[in-house]
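Asker: Return a 3D structure for these sequence lines:
(chains A and B)
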Amino acid sequence: MSKHKTRSKVARKSQVNKAGYVFLTPYMLLFAIFILAPVVMAVILSFTNFDTIQFPKFVGFMNYINLLTSDEVFMQYVLPNTVKYALIVGVGGYVLAFLLAWALANLTKWPRTIFALILYSPSMTSGVAMTVLWKIMFTGDQTGYINSWLMEIGIINEPIIWLTNTDYLLPIVIIIGLWSSMGVGFLSILAGLLNVDESLYEAAAIDGVKNRFQEMIYVTIPSMKPQMLFAAVMQIVNAFQNGSVSAMLAGNPTPGYSAQLIVNHIEDYGFIRYEMGYAAAVSVALLLIVQIFSKVSAKLFGEKE
Amino acid sequence: MAAYKGHRMNPDKFEKGQIKLYLFVVPLVLLTGLPIIYIFFHAFKPMEELFAFPPKFITTHPTLDNFRLLFKASRSAGIPLSKYVFNTLLITISVVVSSMALSSAAAYAMSKLKFKGREFSFKINQLAIMFVPVAVMIPRYLVVEKLGLTDTYLSQILPLIPLPVAVFLLKQFVDTVPDSLIEAAYMDGASEMRVFVKIIIPMIKPALATAFVLVFQQVWGALEASNYYINNEGLKSLAFYMNTLSNTSNGVAGQGIQAAASLILFIPNLIVFCVLQKNVMNTMAHSGIK
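Answerer: Numbers count the residues shown, from 1 in each chain, chains lettered A, B, ... in the order given. Predicted structure coming up:
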């Protein structure tokens, strides 16, 4: 009798298990408040005029229209800068992460572990430490390490004031972006490469795969698509998240808007000018850009159903 | 000659073919690592070496002067460095502990418990991996303000607890726990809580370690809360203080202090990652999005 009872209890668990809500709710509550609600609010606010003091006033698509037609800073600087940055740091960084991970996977264990640790280390120097580090490296007089080094090998004759120079600021931000792009995505690819079933390579060799490059295209990548997709998403999110480094290096707005990225534009309108409605519209634009990148990645690496 | 036989990843010993790979990898590893090593040396340079021209890469007479100056600078600012350290420790421990507990519980529910809305909760969490926190800093600020959390420790703790990537990785790992194990425990009359504590937690330790690494990195260097939600100087974080330091103390003399400050922010991350890196790699093997 009692045995029968436990069995029916187990059977019930396999259909509807109320305990699920108990375990899920605490996380989901905070998730809803601090992630979901802000996204929904950003969308709603983007249709309003809001200065944080008066109640938001509905203005329809006005903010979006302004963004696309009359925000010269956005069209002339922010958008081109962001596209350049996203292509080089997002896409370029991703390709580099794959190539590096692939090379590391073909090395023996110890050098691989040490190299991977060094390549990942910039991802640990979050925000402040990263800013300080590069401010010191790019010091504008001859005591700056990069200045003195470039002068020594004769590329430049006098020190360059890197962080206020409108020609160099964006390239610097891009270099820092690439430097810090071997993050979680890179680790995921590396782990994926190390776990590809080896019998697949043998089978492919019999089927006529002739070299490592073909192997990479026909065997390796298709068998680790889920990791490739995860890494792509992480890469693009990191790239945009790290974009705020430009304002930390050179102030917001950056000199002549030369390294103004979309993230800095949001902060500029939101916390400096207090035009929250407009800033929200820019936020939505950013979320859409990330979404587009993710959709493209899903097209490339998603499992076909 | 023999046809191409296919090669193996993760070779056991050094072969000639790997030289090409070293030629590709080593320069990039150096480019990545040298700036960090430079800062490391910089933090221990005495004044005359900081001013040296041409600048030296390696410190010849290491000293702790910069760290001493760092402590002094905070004392003259009215709030002792120890207060910032205390704040950051309190915030970090609260966030890390709650985040790991709530995230693993959610991952267990999403993976092993059957209820209405399970699929949806997993899908929406997976979608939120794409979430870029800086994109919604304004509505986030409004949420914190509306909840009356401005100028509290909670405003620095609660927003950092939900980390969708951590939950995603944990869930992928819970998936690998065999159902038969859980069913057997149910047969013995175990409750869900008991299954969670006695079976799930011990089996997902690598993923928990990874969640720890990721959450720790987020909170240890977090600036957003101190910048926007906190006016009371005494509640702000160490990272915030280090950041003001890097904005105010300019010139070469300030550089040594800044380097010392950034080392203090960097080293704990490095230690945490080094200790747990095996677990992280183990978890990443299950990280794929299907």
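
Asker: any chance you could map the strands in the stretch 101-250 of chain A?
Answerer: Assigned by DSSP state E, counting those that start in this stretch, the stretch 101-250 of chain A shows no strands.

Asker: which residues are in contact with stretch B:136-155?
Answerer: A:33-34, A:37-39, A:41-42, A:45, A:266-267, A:270-271, A:276, A:279-280, A:283, A:287, B:87, B:90-91, B:94, B:133, B:158-159, B:224-225, B:228-232, B:235 (C-beta atoms under 8 Å, 6 or more residues apart in numbering or on different chains). (Each C-beta comes from the backbone N, C-alpha and C, glycine too.)

Asker: Write the PyMOL selection for whichever of the residues you listed are buried.
Answerer: To isolate the buried members of those in PyMOL, using 16 or more other C-beta atoms under 10 Å in any protein chain shown:
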select buried, (chain A and resi 33+34+37+38+39+41+42+45+266+267+270+271+276+279+280+283+287) or (chain B and resi 87+91+94+133+158+159+224+225+228+229+230+235)
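
Asker: Looking at the contacts of stretch B:136-155, which are in helices?
Answerer: Among those, DSSP state H puts A:37-39, A:41-42, A:45, A:266-267, A:276, A:279-280, A:283, A:287, B:87, B:90-91, B:94, B:224-225, B:228 in helices.

Asker: Quick check: nearest residue in space to B:Phe196, chain neighbours excluded?
Answerer: For B:Phe196, ignoring the flanking residues on the chain, the nearest one in space by C-beta to C-beta, 6 or more residues apart in numbering or on different chains is B:Tyr108 at 5.4 Å.

Asker: Heading C-terminal from whichever strand or helix holds that neighbour, find the next helix or strand.
Answerer: Take DSSP states H and E as the rule and B:Tyr108 turns out to sit in helix B:81-112. Following helix B:81-112 in sequence order, the next helix or strand is helix B:118-127 (DSSP H and E).

Asker: Could you give me the buried positions within that next one?
Answerer: Going by neighbour count (16+ other C-beta under 10 Å), the buried part of helix B:118-127 is B:Arg118, B:Ser121, B:Phe122, B:Ile124, B:Asn125, B:Gln126.

Asker: re the thing from before, so what does the helix holding B:Tyr108 touch, helix or strand wise?
Answerer: helix A:19-31, helix B:65-76, helix B:118-127, helix B:154-157, helix B:164-174, helix B:205-220, helix B:238-248 (3 or more C-beta pairs under 8 Å, 6 or more residues apart in numbering or on different chains; DSSP states H and E).

Asker: Among those helices, show me which one is buried the most.
Answerer: helix B:164-174 (a mean of 25; mean count of other C-beta atoms under 10 Å in any protein chain shown).

Asker: which residues are contacting that one?
Answerer: By C-beta under 8 Å, 6+ apart, the residues outside helix B:164-174 that reach it are A:27, A:31, A:35, A:184, A:234, B:99-100, B:103-104, B:106-108, B:110-112, B:122, B:125-126, B:128-129, B:131, B:200, B:204, B:206-208, B:210-211, B:214-215, B:283-284, B:286-288.

Asker: any weak-confidence spans in chain A?
Answerer: Along chain A, the model assigns pLDDT under 70 to residues A:1-16, A:126, A:304-305.

Asker: For chain B, what's its nearest residue on it.
Answerer: Per C-beta to the nearest C-beta, A:Pro226 is where chain A lies closest to chain B, at 2.2 Å.

Asker: Show the contacting residues for that residue.
Answerer: A:Gly192, A:Phe301, A:Glu303, B:Ser287, B:Gly288, B:Ile289, B:Lys290.

Asker: same thing with B:Ser226?
Answerer: So B:Ser226 contacts B:Gln156, B:Leu235, B:Lys236, B:Ser237, B:Ala239, B:Phe240 (C-beta under 8 Å, 6+ apart).

Asker: Contacting chain A as well, which ones from those residues?
Answerer: Filtering the contacts of B:Ser226 for proximity to chain A by C-beta under 8 Å from any C-beta of the partner chain leaves B:Ala239.

Asker: Out of the contacts of B:Ser226, which comes closest to chain A?
Answerer: Closest to chain A, out of all of the contacts of B:Ser226 and judged by C-beta to the nearest C-beta, is B:Ala239, at 5.1 Å.

Asker: pretty sure the closest one is touching B:Trp220, no?
Answerer: Yes: with contact defined as C-beta atoms under 8 Å, B:Ala239 reaches B:Trp220; the gap is 7.1 Å.

Asker: Please tell me how far the closest residue to B:Ser98 other than its chain neighbours sits from B:Val167.
Answerer: Leaving aside its chain neighbours, B:Ser98 sits nearest to B:Ile161 (5.2 Å; criterion: C-beta to C-beta, 6+ apart). For B:Ile161, the distance to B:Val167 equals 11 Å [C-beta to C-beta, to the nearest Å].

Asker: How about A:Glu158?
Answerer: The value you get for A:Glu158 to B:Val167, if C-beta to C-beta is used, is 53 Å.

Asker: Repeat that for A:Leu288.
Answerer: A:Leu288 is 24 Å from B:Val167, by C-beta to C-beta.

Asker: give me the residue from chain B nearest chain A.
Answerer: Counting by C-beta to the nearest C-beta, chain B gets nearest chain A through B:Gly288, at 2.2 Å.

Asker: State the three-state secondary structure for that residue.
Answerer: Of the three states, B:Gly288 takes coil under DSSP: H, G, I helix; E, B strand; the rest coil.

Asker: Enumerate every residue touching it.
Answerer: Going by C-beta under 8 Å, 6+ apart, the list of residues near B:Gly288 reads A:Ser188, A:Gly192, A:Met224, A:Lys225, A:Pro226, A:Gln227, A:Leu229, A:Phe230, B:Gln172.

Asker: Test my guess that the fourth one contacts A:Gly302.
Answerer: This means A:Lys225. Yes: between A:Lys225 and A:Gly302 a contact is recorded at 7.4 Å, counting by C-beta under 8 Å.

Asker: Which one of these two is surrounded by more residues?
Answerer: Between A:Lys225 and A:Gly302, A:Lys225 has the larger neighbour count (other C-beta atoms under 10 Å in any protein chain shown), namely 18 against 15.

Asker: which residues does the more buried one contact?
Answerer: Contacts of A:Lys225 by C-beta under 8 Å, 6+ apart are A:Phe301, A:Gly302, A:Glu303, B:Gly288.

Asker: What is the nearest of the residues you listed to A:Pro111?
Answerer: Within these, proximity to A:Pro111 (C-beta to C-beta) peaks at B:Gly288, which comes in at 26.0 Å.

Asker: Could you find the closest non-adjacent residue to that closest one?
Answerer: If the residues on either side of it in the chain are set aside, B:Gly288 comes closest to A:Pro226, at 2.2 Å by C-beta to C-beta, 6+ apart.

Asker: CA atoms of stretch B:204-222 as PDB?
Answerer: Presented in PDB, the C-alpha positions along stretch B:204-222 are these (Å, rounded to 0.1, in the frame of the first residue of the first chain):
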ATOM      1  CA  ILE B 204      27.000  20.700 -10.700                       C
ATOM      2  CA  LYS B 205      30.000  22.000  -8.700                       C
ATOM      3  CA  PRO B 206      32.000  23.000 -11.900                       C
ATOM      4  CA  ALA B 207      29.100  25.100 -13.100                       C
ATOM      5  CA  LEU B 208      28.700  26.700  -9.700                       C
ATOM      6  CA  ALA B 209      32.300  27.600  -9.800                       C
ATOM      7  CA  THR B 210      31.900  29.200 -13.200                       C
ATOM      8  CA  ALA B 211      28.800  31.100 -12.000                       C
ATOM      9  CA  PHE B 212      31.000  32.300  -9.100                       C
ATOM     10  CA  VAL B 213      33.700  33.500 -11.400                       C
ATOM     11  CA  LEU B 214      31.200  35.400 -13.700                       C
ATOM     12  CA  VAL B 215      29.200  37.000 -10.900                       C
ATOM     13  CA  PHE B 216      32.400  37.900  -8.900                       C
ATOM     14  CA  GLN B 217      33.800  39.700 -12.000                       C
ATOM     15  CA  GLN B 218      30.600  41.600 -12.400                       C
ATOM     16  CA  VAL B 219      30.300  42.800  -8.800                       C
ATOM     17  CA  TRP B 220      33.900  43.300  -7.800                       C
ATOM     18  CA  GLY B 221      34.500  46.100 -10.400                       C
ATOM     19  CA  ALA B 222      30.900  47.400 -10.500                       C
END
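
Asker: Alright, calling it a day.
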